[in-house]
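# Generate a structure from the sequence data that follows.
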Amino acid sequence: MLPGRIGRNDFPKDHLTMQRVLVFGASGYVGTHLVPYLAAQGASVRAAARRRGPLEARGWPASVELAAADALTPATLPPVLDGVDVAYYLVHSMAAGPDFPRLDRLAAEHFRDAAAHAGVKRIVYLGGLQPEGATSAHLASRGETGDILRAGSVPVTEVRAGVIIGPGSAAFEVIRDLVFHLPAMVTPSWVRSRSQPIALEDVLAYLARLPEIPETAGAIYDIGGPEVLTYEQLMRQFGELVGRRPVILPLPVLTPRLSSYWLGLVTSVPTNVARALIAGLEHDVLADDAAIRSLIPLPLKTYREAAQAALAIERSADATPRWSEGSMVYRQNRPDFAFYAKRMSGEALTSAGAAAVWREIAAIGGENGYYYLNTLWQVRGCVDRLTGGTGLSRGRRDPQDVAVGDAIDFWRVVAAEPCRRLTLIAEMRLPGSAALEFEMLPDAQGRIRIVVTAYFHPAGAPGLAYWYALTPAHALIFTGLARAIAARAEQASEPGASAAATPPQG
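Predicted structure coming up:
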């Protein structure tokens, strides 16, 4: 998603004296917005994440330098920290599962030491609020990360936030999915816990200002919005904004652990992230924000204003050249379609040349078929026709050539980068929105890794049921499809083979 329209120009440009800023963890929901925000303020920004692909999909200004680095792989850190004055540390490992505290610890140690060696002047770390008596592994890990970073020689400014209201925030997306997916819900008692939700834009403003104020070096600041609300109130107010009135019935027998499994079924927020998040909701999570409000007196948004702004950011986002998490293009411009996508991938390695592989990818569909279990694709086309869709009747404009805007059966081409990537968006009848992406990734041995990935943004409970029902078939189809493309490309590359030769379909 492109968050380039978010931005606040309520402080003088001469505050932005940073020569080079690194946003480490730029593919996350805060980093995705912080990068263009800082660039708009005049900073020279380098954005880093584990993979460049998600960063390239953002469509940020050309002035933003993109880089790949992983804090768990120390050798990747020196190049991205070279010449950096201020480094924003925004990474966490919640999605990795129960081992995330150990991974977070290692990542922080590696980054701390590499930043010191590179001569970084300031680290700004976005952590989590630390309520007294909390037993959450997620909150404890956030606090420990700050301690580890401060143990180094580079001054650290730690910002502790609770619920951030913005597109892609796990807490906000849980609220969105519950309100849109369930007209009535039985919830744990934590829906009565209190929080101090803060608008994404206000978080960005704090993050941008803090490193330019000398006395913030070595300090820890709580940040929060102007209201204290329960999670039940958050859901009800969001429901009022989008025309929904959810029935919420709190039950004390639903523990955080049980509710985390329940959320994994009824929301699209990644299960490990939702589980870590829910574990911290047994306590009130409030901010002691007097220090930062006296230092940086922002006109903070209310929760309702923040939620309205989040929906407006999505509506104003520009189209992305390929699939990107949360992109409205791939959600049919429907805010009720889940921000996070369910996904399934299959892959295969091939020694065939790039041109041969691309030729097979570009020719998929129409009279050429789908190479693997084609009968199932035909059945899916018949189901689509019976439910009012186009089915496979549209075929292809050309049996080999492919271009953006082409219809291929019940797909539409939204990106076609020869020998790199083909992205299709579904125009079939679905309880949600789907995309199918083919990628060609060269490896160190000169081979090509063909990756076929399906993305699905469910629309409510029917969408989730649809995805879970087809998961076994998807696990078979996409791996088989990647292997079939590899086999066809290799056969076409054999000496004496015709470019038009078509191996038998699986």
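# hey, let's count contacts and neighbours off CA atoms from now on
Noted.
# So Met235 sits against Asp177, correct?
No - using Cα atoms under 8 Å, Met235 makes no contact with Asp177, being 9.9 Å away.
# Could you list the domains of the chain?
Using automatic domain parsing, the domain parsing of the chain gives 13-331, 342-493.
# Let me have those in JSON lines, adding mean pLDDT and mean neighbour count as columns.
Output for the domains of the chain, formatted as JSON lines (pLDDT from 0 to 100; neighbours: other Cα atoms under 10 Å):
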{"stretch": "domain 13-331", "mean pLDDT": "86", "mean neighbour count": "19"}
{"stretch": "domain 342-493", "mean pLDDT": "94", "mean neighbour count": "19"}
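# residues contacting Val30?
Counting by Cα atoms under 8 Å, 6 or more residues apart in numbering, Val30 makes contact with Leu90, Ser169, Leu200, Leu204.
# phi, psi of the closest residue to Leu464 other than its chain neighbours?
Excluding its sequence neighbours, the residue lying closest to Leu464 (Cα to Cα, 6 or more residues apart in numbering) is Pro458, at 5.6 Å. Torsion angles at Pro458 (phi, psi; degrees, to the nearest 10) stand at phi -70, psi 150.
# try the one 3 residues further on
Summarising the backbone geometry of Ala461 under the convention degrees, to the nearest 10, its torsions are phi -60, psi -40.
# Might one say that it is in contact with Leu182?
Yes - using Cα under 8 Å, Ala461 is in contact with Leu182, at 7.1 Å.
# State the distance from Leu66 to Ala114.
19 Å (Cα to Cα, to the nearest Å).
# go on, Gly243?
For Gly243, the distance to Ala114 (Cα to Cα) stands at 50 Å.
# Kindly report the same for Ala434.
41 Å.
# same check, this time on Pro74
Taking Cα to Cα, one finds Pro74 at 8 Å from Ala114.
# in the stretch 251-400 of the chain, which spans are strands?
Per DSSP state E, counting those that start in this stretch, the stretch 251-400 of the chain carries strands over the ranges 342-350.
# where do the helices sit along it?
For the stretch 251-400 of the chain, the helices defined by DSSP state H, counting those that start in this stretch occupy 256-266, 271-278, 290-295, 303-316, 354-362, 374-386.
# Generate JSON lines for those helices, with distance to Ala487 as supplementary columns.
Conversion of the helices of the stretch 251-400 of the chain to JSON lines gives the following (distance: least, Cα to Cα, whole Å):
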{"stretch": "helix 256-266", "distance to Ala487": "37"}
{"stretch": "helix 271-278", "distance to Ala487": "35"}
{"stretch": "helix 290-295", "distance to Ala487": "61"}
{"stretch": "helix 303-316", "distance to Ala487": "41"}
{"stretch": "helix 354-362", "distance to Ala487": "9"}
{"stretch": "helix 374-386", "distance to Ala487": "16"}
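# How much space separates the residue nearest the centre of the chain from His33?
Closest to where the C-alpha atoms of the chain average out (Cα atoms, centre = their mean) is Glu325, at 4.5 Å. As judged by Cα to Cα, Glu325 and His33 stand 13 Å apart.
# same check, this time on Tyr340
16 Å.
# Same check on Gln400?
Gln400 is 39 Å from His33, by Cα to Cα.
# Phe180 in helix, strand or coil?
helix (DSSP: H, G, I helix; E, B strand; the rest coil).
# Now that it has come up, it's in contact with Arg334, right?
No - counting by Cα under 8 Å, Arg334 is not a contact partner of Phe180; they are 11.3 Å apart.
# Looks to me like Ile175 is in a helix.
Yes - assessed with three-state DSSP, Ile175 lies in a helix.
# and the closest residue to it other than its chain neighbours, what is it in contact with?
Once flanking residues are discounted, Ile175 sits nearest to Met235: 5.8 Å by Cα to Cα, 6+ apart. Contacts for Met235 (Cα under 8 Å, 6+ apart) come out as Ile175, Arg176, Leu178, Val179, Pro246.
# Take these and lay them out in JSON lines including distance to Val86.
Shown next, in JSON lines, are the contacts of Met235 (distance: Cα to Cα, whole Å):
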{"residue": "Ile175", "distance to Val86": "33"}
{"residue": "Arg176", "distance to Val86": "34"}
{"residue": "Leu178", "distance to Val86": "38"}
{"residue": "Val179", "distance to Val86": "39"}
{"residue": "Pro246", "distance to Val86": "44"}
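# how close does the nearest residue in space to Glu367 that is not next to it in sequence sit to Asp401?
The shortest distance from Glu367 to any non-neighbouring residue, by Cα to Cα, 6+ apart, is to Gly395 (6.8 Å). Plainly put, Gly395 is 13 Å away from Asp401 if you go by Cα to Cα.
# Next: Gly31.
Distance of Gly31 to Asp401, computed by Cα to Cα: 38 Å.
# next one: Tyr125
Tyr125 sits 48 Å away from Asp401, taking Cα to Cα as the criterion.
# And for Lys342?
Remark: distance between Lys342 and Asp401 (Cα to Cα) = 30 Å.
# and what of Tyr468?
34 Å.
# Can you say which helix or strand has Phe438 in it?
According to DSSP states H and E, Phe438 maps onto strand 432-442.
# In the sheet, which strands lie alongside that strand, parallel or antiparallel?
Strands adjacent to strand 432-442 in the sheet, as given by DSSP bridges, are strand 421-426 (antiparallel), strand 448-458 (antiparallel).
# can you list the ones you listed in CSV and add distance to Val329?
Below are the strands paired with strand 432-442 laid out as CSV (distance: least, Cα to Cα, whole Å):
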stretch, distance to Val329
strand 421-426, 9
strand 448-458, 11
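# and the nearest residue to Glu56 once chain neighbours are set aside, what are its bridge partners?
Using Cα to Cα, 6+ apart and skipping the chain neighbours, the partner closest in space to Glu56 is Leu66 (7.6 Å). Beta-bridge partners for Leu66, by DSSP bridges, are Ala47.
# Contacts only, for Leu66.
Leu66 sits next to Arg46, Ala47, Ala48, Arg52, Leu55, Glu56 when contact means Cα under 8 Å, 6+ apart.
# Hmm, the fourth one is touching Arg58, no?
No - the criterion here is Cα under 8 Å, and Arg52 misses it with Arg58 at 10.3 Å.
# How much space separates the residue nearest to Glu367 from Ile408?
5 Å.
# joint contacts of the two?
Gly365, Gly366.
# what's the closest of the helices of the stretch 251-400 of the chain to Pro101?
helix 271-278 (10.7 Å; Cα to Cα).
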